[in-house]
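Undergrad: I'd like to go over a predicted model; first the sequence, then the structure.
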Amino acid sequence: MKVKVILQADVAGLGEIGDVKDVAGGYARNYLLPRKLVLPATKGNMAVLEQQRSRITQRQDQNRVEAQQLAVRIGALPLTFEVRVGEQGRLYGSVTGQDIAQRLKDDGGIEIDRRGIELKEPLRSLGEFDVPIRVAHTVTAHVKVSLRDQAVVRAEAAQALAAAQAQVRAEAEARAQAEAQAVTTDAPEGVEAVGTAETDVDALQGVAETDGGAPRGVEAVGAVETDAAPLETVEDAPPATGAESATTLPTE
């Protein structure tokens, strides 16, 4: 038995807010009325509807914009289901509209009435599928649903993890080798010059100790000190020679 109702919100596959629709009595009692999606189309409610027609029209326009934005979000959220596969590629179980609605909620925080998921029958084979979802009376989104073999997905994940770990180890070893080479062969500029200066000083000290080869100036001071030492006392002065007597002034 059909009943006439006034939609209080957009209902996928049924209509927009303010629309008057004939629906099955069970659908109205068990789903639409408990969720406050509709009101019975009584004479009083119809009168209120006409009074609020302008405001309802504005609300419809706003709902269309929001539905289009939601459709974009759904289209940008591909869904992948890992399924068990038996012999000859046959799946254990299937993916239903309820599964898709739950995944949209879990992965994207998007709540969709599963009745709006236009899936003629559950998905029972591997591959990619374009599933239409009616998010408003005049707006339909499309979500890409992929069914992949669970064993293959896990093997690929293990290989990717092993490759990433190997890459990290290789990069660490390369950095360690580069750092070791830099320490042994690439000393900072100036360090080698300091070592050379120290070697030259050692060479000079060796010459002074073995051959009397002190630096210029040091030898002259040493010679003066050596020659002046016997003249420090008058008693030790050498006797005057004849040449030295000839140069003294005559006494009166």
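TA: Now that the structure is in, tell me what you want to look at.
Undergrad: Next one: residue 54 from residue 67, what distance?
TA: Using C-beta to C-beta, to the nearest Å, residue 54 is found at 21 Å from residue 67. For every residue, glycine as well, the C-beta is placed using N, CA and C.
Undergrad: which of those two has more neighbours?
TA: Using other C-beta atoms under 10 Å as the criterion, residue 54 and residue 67 rank with residue 67 on top: 20 against 8.
Undergrad: For that one, give me phi and psi.
TA: Main-chain dihedrals, residue 67, degrees, to the nearest 10: phi -70, psi -40.
Undergrad: Grab the nearest non-local neighbour of it.
TA: Spatial nearest neighbour of residue 67, excluding adjacent residues (C-beta to C-beta, 6 or more residues apart in numbering): residue 136 at 3.5 Å.
Undergrad: Give me the local confidence score for that neighbour.
TA: Residue 136 carries a pLDDT value of 83.
Undergrad: Run through the helices of the stretch 101-250 of the chain in chain order.
TA: Taking DSSP state H, counting those that start in this stretch as the criterion, the stretch 101-250 of the chain carries its helices at 150-185, 191-211, 218-228, 242-246.
Undergrad: What ranges in the stretch 151-252 of the chain fall below the confidence cut-off?
TA: Scanning the stretch 151-252 of the chain with the threshold set as pLDDT under 70 gives 185-252.
Undergrad: now residue 6, what's its secondary structure?
TA: Of the three states, residue 6 takes strand under DSSP: H, G, I helix; E, B strand; the rest coil.
Undergrad: Touching, it and residue 37? I think so.
TA: No. When contacts are counted by C-beta atoms under 8 Å, residue 6 is not listed as touching residue 37 (10.1 Å).
Undergrad: Now stretch 51-59: buried residues?
TA: Judged by neighbour count using 16 or more other C-beta atoms under 10 Å, the buried positions of stretch 51-59 are 56, 59.
Undergrad: any idea of the mean pLDDT in that stretch?
TA: What stretch 51-59 shows for mean pLDDT is 89.
Undergrad: which outside residues touch it?
TA: Here stretch 51-59 makes contact (C-beta atoms under 8 Å, 6 or more residues apart in numbering) with 17-18, 49.
Undergrad: and these as a markdown table, adding neighbour count?
TA: Converted to a markdown table, the contacts of stretch 51-59 look like this (neighbours: other C-beta atoms under 10 Å):
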| residue | neighbour count |
| --- | --- |
| 17 | 19 |
| 18 | 18 |
| 49 | 16 |
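Undergrad: Specify which member of the residues you listed is nearest to residue 156.
TA: Proximity of these to residue 156 (C-beta to C-beta) peaks at residue 17, which lies at 46.5 Å.
Undergrad: from the contacts of stretch 51-59, which is closest to residue 154?
TA: Relative to residue 154, the closest of these is residue 17; by C-beta to C-beta it sits at 46.4 Å.
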